[in-house]
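# the sequence and its predicted three-dimensional model are supplied below.
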2 protein chains.
Amino acid sequence: MDTEAIRRSLEDRGLRCTTQRYAVMAFLIDHKGHPTAAEIFKAVNRVDPRSSRATTYNNLRDLVKAGLVREVAVEGRAGRFDATGMRHHHFVCDRCGNVEDIDWYDVPKPASRSLGKRVVRDCQLIFRGLCTKCAVRRTSH
Amino acid sequence: MDTEAIRRSLEDRGLRCTTQRYAVMAFLIDHKGHPTAAEIFKAVNRVDPRSSRATTYNNLRDLVKAGLVREVAVEGRAGRFDATGMRHHHFVCDRCGNVEDIDWYDVPKPASRSLGKRVVRDCQLIFRGLCTKCAVRRTSH
DNA sequence: CTACTACATTAGATATATTCTAAAATTTCC
DNA sequence: GGAAATTTTAGAATATATCTAATGTAGTAG
C-alpha cells in the first residue's frame, strides 16, 4: 500500500496523518506478525522519527477506535495488533504467546434477544492451543 | 455446588484440594460476574484463610490449565475469570471493561487445512461494544 | 504571513498487572 | 513417622499501560 493510500485512509476517518501515526499504520500493514505495542514502538524508532511510548499507545488506540487496526488481548502478556485489512480469525499459542491468522469464515451472530440493548462493534473468534512449532516441540520429548 | 463436588472436580483433574485453591474455585462458582484476579484475591481473603497474591495467580493458572476455569483477556486491563460450568460466549464493554455472558450457540470449526498441525484446546467467541448501561449513557447526551 | 485553535507529541513518572524467589508449610504416600 | 512432592508465602522484581503538563505542529481564517 502506498503512502497516499495510507494517508487517505487515516484522513477518511478523521485522523490527521502525522509522522508518528503514519509510521505505526505503515508498520502494521507491512508486518503481518501481530506485533506488541513495545515492538511497534521500537521498530518505528529504529527507522527515523523519534516517537515516544505514549504516542505509540495513543496512536494505536486511535487507530483501533477508527477501525483501521485491531487488538488481540493475550492473557498475562502484552496485547498484539494488526491492520484490519483482510478479515481473519486468530490463533493464540498457550506456550509462546504468538498470535497467528486463521482463514476467515462466517460466524453466526447471536440472537438479538440475547444481546438486548448492547451495541456490538466487533466480533472476534479466537482459538487457543499450541502453534505448529510448540506442538512439535511438545510431542518430541 | 456443594463442598464435596468441588473437591472431587479438583481431584479428578489431579489438583490437590487445598484451602486456597478450593476458595478460588468456590468463589468463581458463586460469582458469575467475571472477577479479576485482584478481586478474587481480595474476596477470598475477606473470608478467612490468608492467601497470597502469588497463590491466587498460581491457582487460577492451575484451574485454567485443568479446564475448570476460563480466562477472558481484556485489552489494557486485568484479565477476568469464570468457572467453565455452562458454555457461553462473552461480551466485553469497550467503555467500562465489564465482561458479560452471551447465550451459547454452536460455532463452526475452521477447516482442518487452515489449522495445519496446530493443537486447538479452546475456542472463544468474544463480542465487543457497549454494554446496556454504557449504551444508554452514551445516547442520552 | 500571522495568529488562533485544536490536535499531537514528549520524557518521565506513575499506576496497574503479573510473575519470580527462596524459604517455610502442608499434603500424600509408604 | 518420615521422605518426597506439592503448595503457600511475603515481598521484590518485572512487564505493561496510562497520565501529566509542557511543548510542538497542522489546519484555518483573517
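Happy to help now that I have it. Here the structure is a predicted model, which is why all the values come from computation and not from measurement. Numbering: from 1, shown residues only, chains lettered A, B, ... in the order given.
# what does the model give residue A:55 for pLDDT?
Here the pLDDT value assigned to residue A:55 is 95.
# neighbours of the closest residue to residue A:133 other than its chain neighbours, how many?
Leaving aside its sequence neighbours, residue A:133 sits nearest to residue A:96 (Cβ to Cβ, 6 or more residues apart in numbering or on different chains; 7.1 Å). Quick note: C-beta positions are derived from backbone N, CA and C, even for glycine. Neighbour count of residue A:96, defined by other Cβ atoms under 10 Å in any protein chain shown: 12.
# go on, the one 5 residues further on?
Counted by other Cβ under 10 Å, the residues lying close to residue A:101 total 16.
# just checking, it touches residue A:32?
Yes - counting by Cβ atoms under 8 Å, residue A:101 does reach residue A:32; the two are 7.3 Å apart.
# hmm, stretch A:38-56 touching DNA strand D?
Yes - applying Cβ under 7 Å from any atom of the strand, one finds stretch A:38-56 in contact with DNA strand D at A:38, A:53-54.
# between the two ends of that stretch, how far is it?
Distance across stretch A:38-56, first residue to last, is 8 Å (Cα to Cα, to the nearest Å).
# do that stretch and DNA strand C come into contact?
Yes - counting by Cβ under 7 Å from any atom of the strand, DNA strand C has neighbours in stretch A:38-56: A:49-55.
# most surrounded residue in those?
residue A:51 leads the residues of stretch A:38-56 next to DNA strand C on contacts (other Cβ under 10 Å) with 21 neighbours.
# coming back round to it: for residue B:20, state which of the residues of stretch A:38-56 next to DNA strand C is nearest.
In terms of Cβ to Cβ, no member of these lies closer to residue B:20 than residue A:53, at 36.8 Å.
# just the element for the closest residue to DNA strand D within chain A, please.
Here chain A gets closest to DNA strand D at one residue, residue A:54, 3.1 Å apart by Cβ to the nearest atom of the strand. Using DSSP states H and E, residue A:54 sits in helix A:53-65.
# quick check: buried residues in that helix?
Neighbour counts using 16 or more other Cβ atoms under 10 Å in any protein chain shown place A:55-57, A:59-60, A:62-64 of helix A:53-65 among the buried residues.
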